[in-house]
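Novice: Have a look at this prediction, sequence included:
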Amino acid sequence: MNLTQQLINGLVLGHAYALIAIGWTVLLGVARLVNFGHGQMYMLGAFMTWYLVSRLGLPYLVAIPVAMLAGVAVGYVMQRVMLRLTLAQDLVSIMIVTLGFGYVLHGAAGLVFGSTGQILETPLSTRDIYWGDLWFTWQDIAIVLVAIAFFAVLKYVIENTGVGRTARMVAEDPALSLLAGIDVKKVYLAVFAFEGAAVALAAALVAPRTPILTSMGFDEVIITFVVVVLGGIGSVTGSYVAGIVLGLFTAFFGALVSPAYATAAAFGVLIAVLVLRPGGLAVAPGGR
Amino acid sequence: MSAVLEAHDLVVAYGGNQALHVPHLAVGRGELVGVVGANGAGKSTLVNSILGWSRGRPRITGKVTLQGEDISQLPSFARVRKGLLLIPEGKLIFGTMSVAENLASASIGDVPAGRKAYSVDEIYDLFPRLKERRGHLGSQLSGGERQMLGIARALRLGPSALLLDEPSIGLAPRLVATVLQTVKELADTGLAVLLVEQNVSAAIEVVDRLVLLERGNVVAEGPAATMRDDPRIAEAYLGAHAA
Amino acid sequence: MSSALKWPAAAILAVAGFFAPVLLGGSPAVYAALVLIAIFAVMSYGLDSIVSDLGEVSLAHTVFFALGAYVTALLSVRLEFNPLGTLAGTIVAALIAAGLLGLITLRLREFVFSLVTYAVAVVALTVASNWEFIGGSDGLRGIPAFEIGWLGFRAVGDVELWPVAFLLLLATLYLMRAFRRSRLGQAAIMVHLNPRLATMSGIDPQRTRVQVFLFSAPITAAAGWLYAYQRAYVSADLLETYFLILMLTAVVVIGRRLLLGPLIGVALILAQEKFWSFGGYVDRIILGSLLILVLAYLPGGLFGLVQTLAEARRRVAARSRSTSPHTTARKADA
């Protein structure tokens, strides 16, 4: 095993995980909401990008924002449908509804894109970089850079801007936010639209690393879940760190033990953490 | 004196049960109206329903006007933006934000002419204590400081009418007088204030008029001076024995 | 309905249920559909007690279902156990698994609880597709026919399997009814609706949760037990989301805490898939949308909708009678 190569793999994977989890982090941190359709939204983002690039021949940089717009639409519709449940804070029903949405998205994607696997090729993913005996692609570099930039901007917005403050107020107490003149419904809709855009962006960047299938999405939810809980449920910085730790863990576990059980092992670690500290590692509504 | 805030035929019902019925209630410019009554008489229900706000899901009917404009159909947050501010009982501020952030986040942009939105500096002049504590988190404040911050947040939003739900609850007797005096001064600046109070003897010292609620109905109403002698108030709330 | 009438009515319903395949024409397709409805309904009842009574969402019930099927396959293929032996094995395995999961998730609530159970399902899928001992991605084949020698009973097809499936369903219905009347069922509801009051009434919420889990898992696993015989093979596809969505939809579509709710729900869904199917993908969209729409717009389920409509009609009728007798009279004339 080449240690440095695994380190690079782990770091790239870690940034990919963090990027995939960003929508959920905001969802939980800001709105105290969950989305079990997250993985299928990731799948949809990947297929949208694939369709736009390889079927319609659009440039990759144009395809990404279009896929993100589709993500916004899906997120908005989801929240619109379950707004009543959100306002009533009926988490049990929300979980089931989002699971149902994921199932519908899977069916719809199968209908449109078929059941065969595809490869999402981008101008960056096909260009390799060799550095001594180390290997990675420009796509990997893009993932790392975009993830870092996204997290930095997000952290700044949440902590220092009016939008961020509004979001944190709604997270802490939706009823009290109404008394501060905040249109809570609008905030919930915006947060879900953001979740859709963020996961589509993550898909457009990360999906070129592996073949894409309409049946995927399962693993992404679990990875996201592990990242979000280990990172301290809703904490932006925490998610970033947890993503990287998980990426390194997966890379080394895959190289040393077995790649097939890497997700299962990551989950095992999570169980251990949850049993020891049921609240995750840190919990603060509207966390930083 | 024209009424700033007026309610007609306000009815609140949970399921089929009527919890409150107020045929008419008006608060004028610069007027401080107190609402008193026993626990469960519907005092909080009254102020919450004027704003169309609640943590449960009641059915609210009737007409509420602010500066002559019918606001009954507006969602709560829109009524807030019109200048109707509620300082609810208990949790009034955001605990995970500092005092300064709590004040900074209370802003709705441009306030129309005729309404005054306090600047952060004006707030600190009014409540010097908040200035001293501006770096502390909301959750670290004492009860009195929270009450001040709750009122301050409302003032930041440029109110034309204030609804206060038991501002004295849980406060030391000395603080109760201070808080109610502040409320009185705010009314004197021209705000219409509806004050719900459990502490009748303290409230009656500052209010212009008093409304007595019992089981969701208005049973007595009048100027503070006359209400002081009303046997229903005197016996039940002021501890006086009828001669 | 008075209690004196309830038992005979239930008995008549049970007898009618047993002859349902004959009443529906008795074709092999009808038998096949009804056996599956019975199996999936039993599967859903296990989840029903968690969702409707305990008020939590377990996404790990596909694991119990698959566990029942896998244990049955292993015991019958490798050790040649008869169906009663495999049923006993299934129940023991389900109790152990539920106990473990219950302890792990003891202090978790709401979405963290659900996520852990979801993750358990994903990990189970990974393990089932990769572990050679239980057949890996090929699964286990060659499960013998359902045969109990000393009873002289042998079921080779769905027609012979129907009585078994029906008995399992009846037993499950009885258990659910008993559960809801039991101290445990009452405790679960209290923990669900008012945890503080429950604690003050001397109920230990964590203990109640584990107990409800222990009640629920064997029921869903028993459905897996019979499903293994019905299909004659097991594989990792038992852990697919389809079964989870099917269970959840069945539990909520008619209305929660209705004894026959999940059964009717499963029957509706399977009837659509077996007799009015639009292909796999569209069926997915239909099932998922049904789940979404009921939860988002019909909090009381279809039964609640019917009740609301009936109530509204009664109110309109009462009003027109009291305010203007003329209108009603004219309507009656028309």
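Specialist: Great, that's in hand.

Novice: which residues touch the closest residue to residue A:60 other than its chain neighbours?
Specialist: In space, and not counting its chain neighbours, residue A:60 is closest to residue A:122: 4.7 Å by Cβ to Cβ, 6 or more residues apart in numbering or on different chains. Quick note: C-beta positions are derived from backbone N, CA and C, even for glycine. Residue A:122 is in contact with A:53, A:60, A:139, A:208, counting by Cβ atoms under 8 Å, 6 or more residues apart in numbering or on different chains.

Novice: What about the second one, how many residues nearby?
Specialist: Other residues lying near residue A:60 total 20 when counted by other Cβ atoms under 10 Å in any protein chain shown.

Novice: most centrally placed residue in chain B?
Specialist: residue B:164 (1.7 Å; Cα atoms, centre = their mean).

Novice: Next up, the contacts around that one.
Specialist: With Cβ under 8 Å, 6+ apart, residue B:164 has these contacts: B:47, B:87, B:151, B:183, B:193-196.

Novice: what subset of those is also close to chain A?
Specialist: Applying Cβ under 8 Å from any Cβ of the partner chain, the subset of the contacts of residue B:164 adjacent to chain A comprises residue B:87.

Novice: and the contacts of residue B:164, which are buried?
Specialist: The neighbour-count test (16 or more other Cβ atoms under 10 Å in any protein chain shown) applied to these identifies B:47, B:87, B:151, B:183, B:193-196 as buried.

Novice: Quick check: what element follows the lengthiest helix in chain B along the chain?
Specialist: In chain B, assigned by DSSP state H, the helix with the most residues is helix B:173-188. As assigned by DSSP states H and E, the chain's next helix or strand after helix B:173-188 is strand B:192-196.

Novice: For the longest helix of chain B, C-alpha coordinates in CSV please.
Specialist: Below are the C-alpha coordinates for helix B:173-188, written out as CSV (Å, rounded to 0.1, in the frame of the first residue of the first chain):
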residue,chain,number,x,y,z
PRO,B,173,-40.6,42.8,43.4
ARG,B,174,-38.2,45.7,42.9
LEU,B,175,-37.8,44.8,39.2
VAL,B,176,-41.5,44.5,38.7
ALA,B,177,-42.0,48.2,39.4
THR,B,178,-39.0,49.1,37.1
VAL,B,179,-40.3,47.1,34.2
LEU,B,180,-43.9,48.4,34.5
GLN,B,181,-42.5,51.9,34.8
THR,B,182,-40.6,51.4,31.6
VAL,B,183,-43.8,50.2,30.0
LYS,B,184,-45.6,53.3,31.2
GLU,B,185,-42.9,55.5,29.7
LEU,B,186,-43.2,53.7,26.4
ALA,B,187,-46.9,54.4,26.3
ASP,B,188,-46.2,58.0,27.1
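
Novice: so which residue of the stretch 51-200 of chain A comes closest to chain C?
Specialist: residue A:107 (3.0 Å; Cβ to the nearest Cβ).

Novice: so how far is residue C:129 from that residue?
Specialist: Residue A:107 is 22 Å from residue C:129, where distance means Cβ to Cβ, to the nearest Å.

Novice: Who has more neighbours out of these two?
Specialist: residue A:107 (23 against 18).

Novice: In the host helix or strand of the more buried one, which residues are buried?
Specialist: Taking DSSP H and E as the criterion, residue A:107 maps to helix A:91-113. When burial is assessed from 16+ other Cβ under 10 Å, helix A:91-113 yields the following buried residues: A:91-111, A:113.

Novice: again, but for stretch A:134-152
Specialist: Within stretch A:134-152, the residues that count as buried by 16+ other Cβ under 10 Å are A:136-137, A:139-140, A:142-144, A:146-147, A:150-151.

Novice: returning to what we had before: which helix or strand contains the residue nearest to the centre of chain B?
Specialist: strand B:161-165.

Novice: Quick check: which ranges of chain B have low pLDDT?
Specialist: Along chain B, segments meeting pLDDT under 70 span B:1, B:55-56, B:235-243.

Novice: Get me the contact residues on it for chain A.
Specialist: Applying Cβ under 8 Å from any Cβ, we find that chain B lies next to chain A at B:51, B:53, B:55, B:57, B:75-78, B:80-81, B:85-88, B:91-92, B:94-97, B:101, B:104-108, B:153, B:157.

Novice: Now, of these, which are buried?
Specialist: B:51, B:53, B:75-77, B:80-81, B:85-88, B:92, B:94-97, B:101, B:105-108, B:153, B:157.

Novice: In chain C, which residue sits nearest chain A?
Specialist: residue C:284 (3.0 Å).

Novice: quick one, what contacts that residue?
Specialist: By Cβ under 8 Å, 6+ apart, the contact list for residue C:284 reads A:103-104, A:106-107, A:110, C:242.

Novice: Name the nearest of those residues relative to chain B.
Specialist: Nearest to chain B among the contacts of residue C:284, with distances taken as Cβ to the nearest Cβ, is residue A:104, at 28.7 Å.

Novice: Excluding chain neighbours, what is closest to that closest one?
Specialist: residue C:288 (3.6 Å).

Novice: can you check residue A:33 too?
Specialist: residue A:27 (5.1 Å).

Novice: picking that back up, right, and the helix or strand after the helix holding residue A:107?
Specialist: strand A:128-131.

Novice: just checking, what packs against that following strand?
Specialist: On a contact count with 3 or more Cβ pairs under 8 Å, 6 or more residues apart in numbering or on different chains; DSSP states H and E, strand A:128-131 meets strand A:134-137.

Novice: Report the mean per-residue pLDDT for the strand it packs on.
Specialist: What strand A:134-137 shows for mean pLDDT is 78.

Novice: Which pLDDT does the model give residue 48?
Specialist: Went with chain A since none was named. pLDDT, the model's per-residue confidence, is 93 for residue A:48.

Novice: nope, chain C please
Specialist: For residue C:48, the predicted pLDDT is 92.

Novice: swap in residue C:35?
Specialist: If you check residue C:35, the pLDDT there is 90.

Novice: in what helix or strand does it lie?
Specialist: Assigned by DSSP H and E, residue C:35 belongs to helix C:28-48.

Novice: Quick check: of the buried residues of stretch A:134-152, which lies closest to residue C:292?
Specialist: residue A:150 (29.8 Å; Cβ to Cβ).

Novice: Assess the claim that the closest one and residue A:21 are in contact.
Specialist: No: using Cβ atoms under 8 Å, residue A:150 is not in contact with residue A:21; the gap is 11.0 Å.

Novice: before we move on, back to that, helix or strand: which one has the residue of chain C closest to chain A?
Specialist: Short version, using DSSP H and E: residue C:284 is in helix C:280-297.

Novice: Report the inter-axis angle for whichever helix or strand comes after that helix versus helix C:280-297.
Specialist: The element immediately downstream of helix C:280-297 (helix or strand, assigned by DSSP H and E) is helix C:301-323. For helix C:301-323 against helix C:280-297, the angle between stretch directions is 50 degrees (axes from the mean of the first three to the mean of the last three Cα atoms, to 10 degrees).

Novice: can you list contacts of helix C:301-323?
Specialist: Here helix C:301-323 has contacts from C:252-256, C:258, C:261, C:294, C:298, C:300, C:327-328, using Cβ under 8 Å, 6+ apart.

Novice: what comes up buried for it?
Specialist: Buried residues in helix C:301-323 (16+ other Cβ under 10 Å): C:301-304.

Novice: now that helix, how far from the centre of its chain.
Specialist: 31 Å (Cα atoms, centre = their mean, to the nearest Å).

Novice: where do the helices sit along chain B?
Specialist: For chain B, the helices defined by DSSP H cover B:43-51, B:76-81, B:99-105, B:120-126, B:128-132, B:143-156, B:173-188, B:200-206, B:224-227, B:231-237.

Novice: want to throw the ones you listed into CSV with distance to residue A:244?
Specialist: Below are the helices of chain B laid out as CSV (distance: least, Cβ to Cβ, whole Å):
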stretch, distance to residue A:244
helix B:43-51, 46
helix B:76-81, 39
helix B:99-105, 29
helix B:120-126, 39
helix B:128-132, 41
helix B:143-156, 39
helix B:173-188, 50
helix B:200-206, 58
helix B:224-227, 66
helix B:231-237, 63
